[in-house]
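In: Sharing a model prediction with you, sequence too.
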Amino acid sequence: MEAGPTPEKMTFEDALKELEQIVARLESGDEQLDKSIALYERGSQLRRQCAERLDAAQARIEAIRLDSDGRPTGTTPFAAG
């Protein structure tokens, strides 16, 4: 597995799929030490990007306004930062 595009340019789904493949390779124990370190570093980048995207999605969901009965009444604009 060669390093693909930067995690920032990948879709969430593609980043997660590559991360799962890296985890499987590391868990197998078949890789040389240097390759394992490179895979770990790539996996760390992918994990960070996936976590950031999930946090942003959660913030967007939380931006939905609710009335006193808990029913959605609209949304508050989400400002990505």
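Out: Right, received. Where do you want to start? Numbers count the residues shown, from 1 in each chain.

In: Show the secondary-structure elements that whatever helix or strand residue 19 lives in is packed against.
Out: Assigned by DSSP states H and E, residue 19 falls within helix 12-28. When contacts are defined as 3 or more Cβ pairs under 8 Å, 6 or more residues apart in numbering; DSSP states H and E, helix 12-28 packs onto helix 33-62. For the C-beta atoms, the positions are set from N, CA and C on the backbone; glycine is no exception.

In: How about the helix it packs on, which residues are buried there?
Out: For helix 33-62, a neighbour-count test (16 or more other Cβ atoms under 10 Å) marks 38-39, 42-43, 45-47, 49-50, 53 as buried.

In: What is the most widely separated pair among the residues you listed?
Out: Between any two of those, the greatest separation by Cβ to Cβ is 23.1 Å, found for 38 and 53.

In: So which residue is dead centre in the chain?
Out: Nearest to the mean C-alpha position of the chain, by Cα atoms, centre = their mean, lies residue 50 at 0.8 Å.
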